[in-house]
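Q: this is the structure alone, sequence omitted:
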């Protein structure tokens with residue numbers, strides 16, 4: 001009777017994942033819990049971190065069928081791997097984005113370029129660490145702080161690095177309220193952070209409608225490798241601005257976007273299985289990604305300070321940090337840092353200008369990279 005009981009218990013154990021549980025799984029589960037903690041307690045981009053953190057935990061439970069072929073997480077990942085999800089994210093972002101700040105104050109577009117030094121720092125750093133040129137290019141694009149673009153470029157250049165690069169890109173985007181402010185404060189004086197931006201001109205309805213059409217034409221003509229993303233961004237924005245497709249714009253910005261975010265976060269978190277993720281390459285990519293974000297923030301702020309040397313009407317250097325393409329996270333961080341110095345200094349509208357310009361800067365950088373490496 002005892003032997004039968006022991007045999008039964010052994011058989012039950014063999015049917016569970018306990019046999020294959022190792023310390024790496026526990027480490028990744030702890031990381032997933034930490035992500036959820038940051039989302040719930042610290043409010044760091046909960047729309048991203050809750051889904052990624054939970055999926056990370058589940059993908060490190062040995063024996064889970066969700067991440068195997070045929071499982072729900074597996075199919076969510078296919079939407080990313082087949083490059084269906086990134087353009088749809090851009091579509092939703094376009095439907096909720098006001099390009100007015102960038103149209104009204106085009107000089108701030110320069111800051112969208114200045115904040116992209118991080119791309120080249122990460123690229124050169126990856127090459128120095130022994131990554132191939134294609135891998136280095138994929139790692140470099142993390143510095144643009146544009147999650148969908150990072151996924152898109154990585155799938156073109158180094159698809160085997162998608163788990164590490166996508167996790168690094170989205171994790172650092174969510175943690176920008178921690179990463180950026182120390183750099184911004186280090187490079188600016190209190191007086192500079194208190195600079196108040198003047199109200200910009202009113203953008204006409206014709207300008208708002210023409211903008212997505214013109215940009216869509218230019219991008220497809222000159223940067224076809226990244227055209228799917230920017231085209232969908234412009235289509236979503238056109239739905240918003242024409243004034244006769246409100247239902248479509250609201251669906252893209254709300255219902256559809258919410259569904260896509262769920263699929264995206266599940267897909268990213270499901271790639272964080274310990275045996276695949278806990279490698280030296282992952283550590284190197286994570287470090288390079290952090291370095292890219294720090295350098296991008298610094299170069300944006302310094303770019304704004306250099307501009308001020310030639311401008312009669314000074315701009316707040318904090319706007320330079322918003323040149324990183326993470327919309328609207330980077331703009332919000334610049335706004336909050338300014339509010340710490342002056343409770344009436346509302347930078348959010350002005351910060352959206354360089355923030356949106358950063359999206360195009362990352363797209364152009366990615367397009368040039370793909371063209372130079374002969375990838376279509």
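A: That came through fine. Not measured: the values here are computed from a predicted model. Numbering: from 1, shown residues only.
Q: give me the most central residue, the chain.
A: Centroid-nearest residue in the chain, with Cα atoms, centre = their mean: residue 147, separated by 3.0 Å.
Q: quick one: residue 61 and residue 25 touch, right?
A: Yes: with contact defined as Cβ atoms under 8 Å, residue 61 reaches residue 25; the gap is 7.4 Å. In this view, the C-beta of every residue, glycine as well, is placed from N, C-alpha and C.
Q: so the residue nearest to the centre of the chain versus residue 118, what's the distance?
A: When Cβ to Cβ, to the nearest Å is applied, the distance between residue 147 and residue 118 equals 15 Å.
Q: likewise residue 31?
A: In this structure, residue 31 lies at 23 Å from residue 118, with Cβ to Cβ as the measure.
Q: residue 333 now?
A: Distance of residue 333 to residue 118, computed by Cβ to Cβ: 15 Å.
Q: those two - which one has more neighbours?
A: Higher neighbour count among residue 333 and residue 118: residue 118, with 28 against 25, using other Cβ atoms under 10 Å.
Q: enumerate every residue touching that one.
A: Residues in contact with residue 118 (Cβ atoms under 8 Å, 6 or more residues apart in numbering) are 142-145, 291-297, 299, 324.
Q: same thing but at 6 Å, please
A: 143, 292, 295, 296 (Cβ atoms under 6 Å, 6 or more residues apart in numbering).
Q: mind picking the two most distant members of those residues?
A: Of all pairs drawn from the contacts of residue 118, the one with the largest separation by Cβ to Cβ is 143 and 295; the distance is 7.0 Å.
Q: so between those two, which is more surrounded?
A: The neighbour count for residue 143 versus residue 295, taken as other Cβ under 10 Å, is higher for residue 143 (33 against 21).
Q: pLDDT score for that one?
A: According to the model's per-residue confidence, residue 143 sits at a pLDDT of 86.
Q: likewise the one 10 residues further on?
A: Looking at residue 153, its pLDDT stands at 91.
Q: got any ranges where this protein has weak pLDDT?
A: The model of the chain has pLDDT under 70 over residues 1-20, 67-68, 70, 376.
Q: about what we covered before: looking at residue 61 and residue 25, which is more packed in?
A: Set side by side, residue 61 and residue 25 show more neighbours around residue 25, with 20 against 16, by other Cβ under 10 Å.
Q: that older thread, quick one: contacts for the residue nearest to the centre of the chain?
A: If you count contacts by Cβ under 6 Å, 6+ apart, residue 147 has them with 169, 170, 173.
Q: hang on, the first one packs against residue 142?
A: Yes: taking Cβ atoms under 6 Å as the definition, residue 169 is a contact partner of residue 142 at 5.0 Å.
Q: need the residues touching each of those two.
A: Taking Cβ under 6 Å, 6+ apart as the criterion, residue 169 and residue 142 both touch residue 150.
Q: who has more neighbours, the two?
A: When residue 169 and residue 142 are compared for neighbours, residue 142 comes out ahead with 35 against 28, by other Cβ under 10 Å.
Q: ramachandran angles for that one?
A: Residue 142 adopts backbone torsions of phi -60, psi -30, taken as degrees, to the nearest 10.
Q: what's the nearest residue to it if we skip its chain neighbours?
A: Spatial nearest neighbour of residue 142, chain neighbours left out: residue 289 (4.3 Å); criterion: Cβ to Cβ, 6 or more residues apart in numbering.
Q: give the next helix or strand downstream of the longest helix anywhere in the chain.
A: With DSSP state H applied, the helix covering the greatest number of residues in the chain is identified as helix 280-308. Of the helices and strands lying after helix 280-308 in sequence (DSSP states H and E), the nearest is helix 318-321.
Q: which strands and helices sit next to that following helix?
A: Judged by 3 or more Cβ pairs under 6 Å, 6 or more residues apart in numbering; DSSP states H and E, the packing partners of helix 318-321 are helix 176-187, helix 280-308, helix 329-341.
Q: so what secondary structure elements neighbour the last one?
A: Translated: helix 329-341. When contacts are defined as 3+ Cβ pairs under 6 Å, 6+ apart, helix 329-341 packs onto helix 176-187, helix 190-193, helix 318-321, helix 348-372.
Q: off-centre distance for the second one?
A: Distance, stretch centre to chain centre, for helix 190-193: 28 Å (Cα atoms, centre = their mean, to the nearest Å).
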